[in-house]
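A.B. asks: Need the 3D shape of this:
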Amino acid sequence: MSTSTTFLHLSDLHLVAPGQRVSGVDSRQKVRAVVERIRGLDVAPAFVLLSGDLSDDGSAASYEVLNEVLAELGGGETPVLVALGNHDHRPAFRRIVLGQTDIDDREPYHYSRLIAGWRAIVLDSTIPGEDHGALGASQLAWLEEELHASATDPRGALIVLHHPCRLAAPAHHYPAFILRDAAALEAVVARHSDRVLGVFAGHTHQAN
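C.D. replies: Residues are numbered from 1 along each chain as shown. Okay, the predicted model is just below:
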């Protein structure tokens, strides 16, 4: 097995229906430009992580566009793992992207997948109708179980969620951007620091 893995982390696509714009920007066109850049890379990524705000308005039409983007991004071969953000709408996402008809807006969309030797653990930090985010005790307990399971994986674990634990700028300037139970998440990661490669987030639209 190779000692290195190439993967991509993207976030905050803010997709909308065709013909619409986000603050004057055609987000669909911008994302497709990124896809073209990815296709031109010398090394093909083993997988892609998308850490939330897949849609800008949570509309069904925006998730139809997301389906197109996911097909282009993965090319039918590269796995693409997605997390939800505060702009996303769980029922519309589950119906349009996952094809689920039994929709419960209260049920977080979290899962894990063993891929290229890594355990990718995707968390749902969204609180419907709110900009801020939290994981909650039950999801943190589930994460702990998944990290225990990662002890048998060849390379360890990657954690993906939308709301970050820390910011590049002073946190008191942007209190809604920080995960409400960031300290609890950091404590879980610290207990498994030998197994966690990194925590990947978005939301702030700045480098972390």
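A.B. asks: Check the gap between A120 and G129 for me.
C.D. replies: 28 Å (CB to CB, to the nearest Å). In short, each C-beta sits where N, CA and C put it, glycine included.
A.B. asks: what does the helix or strand bottoming out on mean pLDDT in the chain rub up against?
C.D. replies: Of all helical and strand segments in the chain, the minimum by mean pLDDT, DSSP states H and E falls on helix 27-39, at a mean of 90. Identification of contacts with helix 27-39 by CB atoms under 8 Å, 6 or more residues apart in numbering yields 8, 10, 13-16, 18, 21, 45, 56, 65, 69, 72-73.
A.B. asks: Neighbour count for A120 and G129, which is higher?
C.D. replies: Using other CB atoms under 10 Å, the more surrounded residue of A120 and G129 is A120, with 22 against 7.
A.B. asks: and the more buried one, which of the three is it?
C.D. replies: Classification of A120 using DSSP: H, G, I helix; E, B strand; the rest coil returns strand.
A.B. asks: now do I159
C.D. replies: Under three-state DSSP, I159 comes out as strand.
A.B. asks: Could you check which helix or strand contains the nearest residue to it once chain neighbours are set aside?
C.D. replies: Of all residues not flanking I159 in the chain, V199 sits nearest, at 4.6 Å (CB to CB, 6 or more residues apart in numbering). In the assignment (DSSP states H and E), V199 maps to strand 196-200.
A.B. asks: now that strand against strand 118-122, angle please.
C.D. replies: Angle of strand 196-200 versus strand 118-122, following axes from the mean of the first three to the mean of the last three CA atoms, to 10 degrees, is 30 degrees.
A.B. asks: What strands line up against strand 196-200, and which way round?
C.D. replies: Within its sheet, strand 196-200 is paired with strand 156-160 (parallel), according to DSSP bridges.
A.B. asks: now the helix or strand following the strand it pairs with and strand 196-200, what's the angle there?
C.D. replies: The first helix or strand that comes after strand 156-160 along the chain, using DSSP H and E, is helix 182-191. Counting by the same axes, to 10 degrees, helix 182-191 points 160 degrees away from the direction of strand 196-200.
A.B. asks: Now do the same contact list for W118.
C.D. replies: Contacts of W118 (CB under 8 Å, 6+ apart): T5, D153, R155, G156, A157, L158, L197.
A.B. asks: any idea how far R191 is from the last one?
C.D. replies: Which is L197. Using CB to CB, L197 is found at 15 Å from R191.
A.B. asks: Next, L81: secondary structure please.
C.D. replies: Going by three-state DSSP: L81 is strand.
A.B. asks: ok so, going back, and the residue nearest to I159, how many neighbours?
C.D. replies: V199 has 21 nearby residues by other CB under 10 Å.
A.B. asks: Look up the pLDDT of it for me, please.
C.D. replies: At V199, the pLDDT value in this model is 95.
A.B. asks: Then A171?
C.D. replies: 57.
A.B. asks: do V25 as well
C.D. replies: Looking at V25, its pLDDT is 87.
A.B. asks: phi, psi of it?
C.D. replies: phi -110, psi 140 (degrees, to the nearest 10).
A.B. asks: Okay, and the beta partners of the residue positioned nearest the centre of the chain?
C.D. replies: Centroid-nearest residue in the chain: S51, 2.1 Å away (criterion: CA atoms, centre = their mean). Listed by DSSP bridges, the beta-bridge partners for S51 are A83.
A.B. asks: Good, we can wrap up now.
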